[in-house]
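Peer 1: requesting a structural model of the entry that follows:
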Amino acid sequence: MSYHLLFGLPAFGIYALASYYFRKKPHLLHKPRKFPVRCLHVSHRGGAGDQIENTLGAFKNAVNQGTNLLELDCHITKDGVVVVSHDDNLKRETGHNIDISLTEYKDLPPYKSCLAVTFSPAGSYSHGSDHRIPRLEEVFEQFPEVPVNIEIKQDNDELINKVADLVRKYHRSHISIWASFESHVLKKCRKANKDMPYIFSIKRGIFMLFLWYLGLLPFFPLKESFLEFVLPSIMNRTYFPVKRGKFGALLASFTTKVAMKKKLFKHLQDRGIQTLLWVLNEDKDFEEAFGYGVSGVMTDYPTRLRQYLNAHPPLPNE
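Peer 2: Below is the predicted model:
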């Protein structure tokens, strides 16, 4: 038996046992992150299926359905107003081919009378009486106690700093979440307001998964508070930036096998990191998602998700 094998096998055994032990008891190495609520019920764009997306009407409806977290998107106007809108160019949302960043707030057109629901089958539309693009400040004023997931849609320092200032002004750093899938944008967000929790970027999420498979994740510090991840089974069935067909089906199958690990989600949960799966709009998707033991689901239909949760309440230890 070689010298390396003689000493390597016991060392590897000790490492494997330590990894297994601290995967089960991560609190012995890491102080769990704390967020005031479990985000079981998350409303995507405020609930883009029940009402016109990203409007105060949508947010009110979601809150009435007992949502734990409002998800919204932000841009900044030419005159420096932070507004809630998914797109900078308003062609899809309003029918007007103009950019928010090149338009003053008073000149922003209203949303269309109905909008296609992006993550639902073709022919699904939302309606509502509210068609006005709101200011982020209005959301904070009307829903002071409701947690908000704020996705920064542009690498724009003025936008990031103004969002950070508004969050501080309304004393809601503890219930406002920085969101962007770009690492460099999140870095700027964290610098602008270090007290706000934030999500994994795509790069950090892949790195975290790599550590998991190496058995190193239990030893590695994580500063993120949320993992927001697509449910792979929607990739080849609803809107997703991958062409449907054989490649989409293969990608969905591969992602399911690699990333959808109950033990991983449990480990993150034990470290105070919530996993939220998006964007799910059917009961079968809710059932699949919660079957993985995730913290919550992001939906375009807050009413539908509330009905599902009322019929399938989570167990106290879930």
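Peer 1: got any ranges where this structure has weak pLDDT?
Peer 2: Per-residue confidence of the chain (counting by pLDDT under 70) places the weak regions at 1-9, 240-241, 315-318.
Peer 1: you'd agree Glu137 is up against Val83?
Peer 2: No - under the criterion of Cβ atoms under 8 Å, Glu137 is not in contact with Val83, lying 9.6 Å apart. Placement of C-beta: from N, CA and C, glycine included.
Peer 1: okay, the two: which has more neighbours?
Peer 2: Counted by other Cβ atoms under 10 Å, Glu137 and Val83 do not tie: Val83 has more neighbours, with 21 against 16.
Peer 1: what's downstream of the host helix or strand of Phe290, the next helix or strand?
Peer 2: Phe290 is located in helix 283-291, with elements delineated by DSSP states H and E. The first helix or strand that comes after helix 283-291 along the chain, using DSSP H and E, is strand 296-299.
Peer 1: helices or strands up against that following strand?
Peer 2: Taking 3 or more Cβ pairs under 8 Å, 6 or more residues apart in numbering; DSSP states H and E as contact, the helices and strands that strand 296-299 lies on are strand 41-43, strand 274-278, helix 283-291.
Peer 1: ranking these by burial, who's on top?
Peer 2: With neighbours defined by mean count of other Cβ atoms under 10 Å, none of the helices and strands packed on strand 296-299 is more surrounded on average than strand 41-43, at a mean of 27.
Peer 1: contacts for that strand?
Peer 2: The list of residues contacting strand 41-43 from outside it, by Cβ atoms under 8 Å, 6 or more residues apart in numbering, reads 58-59, 62, 65-71, 149, 276, 278, 296-299, 302, 305-306, 309.
Peer 1: now for Val294, how many residues are close by?
Peer 2: Val294: 23 surrounding residues under other Cβ under 10 Å.
Peer 1: for Leu222, which of the helices and strands packed on strand 296-299 is the nearest?
Peer 2: Between Leu222 and the helices and strands packed on strand 296-299, the shortest separation by Cβ to Cβ is 12.2 Å, and it involves strand 274-278.
Peer 1: so the closest one versus helix 283-291, what angle?
Peer 2: Between the axis of strand 274-278 and that of helix 283-291 there is an angle of 160 degrees, by axes from the mean of the first three to the mean of the last three Cα atoms, to 10 degrees.
Peer 1: in terms of secondary structure, what does strand 274-278 contact?
Peer 2: For strand 274-278, the helices and strands in contact under the criterion 3+ Cβ pairs under 8 Å, 6+ apart are strand 226-230, helix 262-270, strand 296-299.
Peer 1: let's have those in CSV, adding distance to Met196 and mean neighbour count.
Peer 2: Output for the helices and strands packed on strand 274-278, formatted as CSV (distance: least, Cβ to Cβ, whole Å; neighbours: other Cβ atoms under 10 Å):
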stretch, distance to Met196, mean neighbour count
strand 226-230, 11, 22
helix 262-270, 19, 18
strand 296-299, 19, 28
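Peer 1: will you turn these into a markdown table that also has distance to Lys194?
Peer 2: Listed next are those as a markdown table, based on distance: least, Cβ to Cβ, whole Å:
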| stretch | distance to Lys194 |
| --- | --- |
| strand 226-230 | 16 |
| helix 262-270 | 21 |
| strand 296-299 | 25 |
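Peer 1: the ones you listed: which one's closest to Arg132?
Peer 2: Counting by Cβ to Cβ, Arg132 lies closest to strand 296-299 out of the helices and strands packed on strand 274-278; the figure is 23.1 Å.
Peer 1: CA atoms only: put that closest one into CSV for me.
Peer 2: C-alpha atoms of strand 296-299 as CSV (Å, rounded to 0.1, in the frame of the first residue of the first chain):
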residue,chain,number,x,y,z
GLY,A,296,-42.0,29.1,-0.8
VAL,A,297,-43.4,29.5,-4.2
MET,A,298,-43.5,32.6,-6.5
THR,A,299,-46.7,32.9,-8.5
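Peer 1: after it, next one along is what?
Peer 2: Per DSSP H and E, strand 296-299 leads on to helix 302-311 as the next helix or strand towards the C-terminus.
Peer 1: figure out the length between the terminal residues of stretch 98-117.
Peer 2: As for stretch 98-117, its first-to-last residue distance stands at 21 Å under the measure Cα to Cα, to the nearest Å.
Peer 1: good, we can wrap up now.
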